[in-house]
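Student: Here is a sequence with its predicted model. Questions after.
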Amino acid sequence: MPVTSVEKDLDNLTITIVADFPVSVRRLWDAYADPRQIERFWGPPIYPATFLRHDAAAGGRSVYKMTGPEGDEHYGCWEWTSVDAPNTFTVDDSFADEKGNANTDLPTTRMDFSFATTDDGSRLTTVSTFGSLEQLEQLVEMGMLDGTKQAMAQIDDVLADLAAFATERGAEAQILSDTQVRVARVIRGSVEQVWHAHNDPDLMKQWLLGPDGWTMPVCEIATKVGDSYRYMWAPEGGGEGFGFTGELLEEDAPHRAVTTEAMIGMDFPATLNELSLTPVENGTLLSLVITYANAEQRDAILATGMTDGMETSYARLEGLLGASV
């Protein structure tokens, strides 16, 4: 049981929870920065969480849903107001609708997370600040305090599962919903390097090739929001190629980019691709959340071996970044 103290301060409208863990601060921080890890303990055991967006950077957002035992879904969102990795971060935590929009009819809580080294590992201090005594009491009555303690009791198992999040693991696709898939991989290299590798046409032609035997003769990138991009691939020995095009919808360098993506010459609906880059202990966590029109399109594209092709590209990218260091 990692929680060592819980203090309710009615004068300052805060609840402070202290928890100790037998791991380094960096390991504990990464558990909160990585959506694959935090969703394994954010929420009581009977209400597991799924993070649909997780920008661990100042100005970023997180959107998550908790699924109850009857299949009921409850959404929440974070607004990241400050980040000093791996020491502190602050978010405004709100209830939300299924699109991730904050529910202003219910209280928003400011949450300050502080990480510190101890003789036996690390300590996490979480201070929740409420807008009024009524809001504090309302959220406690809704089970916030008990739910938080139950959630934190699950962190030990996540921290012990080092192999699941190691840099040695390849790209993995996780189905988030009927229409969403998250592909994640830790890439050895800094966030700035990985971002540059996604925005330099000459570099992209060297690694964004999928399986061996392909070239990328066309790489027209979008340089600002509203621009279109066009990528084309062709077999090395000649033959029929293929390509994708889309629009850059949102950009917050070097952490986040949102684009549409449609296969050139095909009638399939365009997907929405949300790329997030987060610094972690051994490199950069690349997270790509893809939203499809429906489950049929999702399954059809996954069946093409998309994830294997992405892994080949990311491994090739790591080789280029390693050569440049």
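Tutor: The structure has been received and is ready for your questions.
Student: For residue 251, the count of nearby residues, please.
Tutor: 18 (other C-beta atoms under 10 Å). Every C-beta, even on glycine, is put in place using the N, C-alpha and C of the backbone.
Student: Show me what the worst-scoring helix or strand of the chain on mean pLDDT is packed against.
Tutor: When each helix and strand of the chain is scored by mean pLDDT, DSSP states H and E, helix 144-152 comes last, with a mean of 84. Secondary-structure packing of helix 144-152 (3 or more C-beta pairs under 8 Å, 6 or more residues apart in numbering; DSSP states H and E): strand 3-9, strand 14-21.
Student: do that again at 6 Å, thanks
Tutor: Contact partners of helix 144-152 among helices and strands, from 3 or more C-beta pairs under 6 Å, 6 or more residues apart in numbering; DSSP states H and E: none.
Student: ok, and the closest non-adjacent residue to the residue most central in space within the chain?
Tutor: Among the residues of the chain, residue 54 comes closest to the average C-alpha position under C-alpha atoms, centre = their mean, at 3.9 Å. Leaving aside its sequence neighbours, residue 54 sits nearest to residue 35 (C-beta to C-beta, 6 or more residues apart in numbering; 3.9 Å).
Student: how much space between that neighbour and residue 10?
Tutor: Distance, residue 35 to residue 10, by C-beta to C-beta, to the nearest Å: 34 Å.
Student: can you pull out the helices in the stretch 151-300 of the chain?
Tutor: Counting by DSSP state H, counting those that start in this stretch, the segments of the stretch 151-300 of the chain that form helices are 155-160, 191-197, 201-207, 295-302.
Student: What is the subsequent helix or strand relative to the longest one?
Tutor: This points to helix 295-302. helix 306-324 (DSSP states H and E).
Student: can you list contacts of that following helix?
Tutor: 170-171, 173, 185, 187-189, 193, 197, 207-208, 210-211 (C-beta atoms under 6 Å, 6 or more residues apart in numbering).
Student: How about stretch 24-44?
Tutor: With C-beta under 6 Å, 6+ apart, stretch 24-44 has contacts from 21, 49-51, 54, 56, 66, 86, 115, 117, 122, 147, 150-151, 154-155, 158, 184, 278, 280-281, 285.
Student: What subset of those residues is buried?
Tutor: Among the contacts of stretch 24-44, those scoring as buried are 21, 49-51, 54, 56, 66, 86, 115, 122, 147, 150-151, 154-155, 158, 184, 278, 280-281, 285 (criterion: 16 or more other C-beta atoms under 10 Å).
Student: Show me those residues that map onto strands.
Tutor: 21, 49, 50, 51, 54, 66, 115, 122, 184, 278, 280, 285 (DSSP state E).
Student: Could you pull out the buried residues of stretch 76-95?
Tutor: Neighbour-count burial for stretch 76-95 [16+ other C-beta under 10 Å]: 76-80, 83, 85-86, 89-91, 93-95.
Student: Identify the farthest-apart pair in those.
Tutor: The largest separation in the buried residues of stretch 76-95, counting by C-beta to C-beta, is between 86 and 95 at 28.2 Å.
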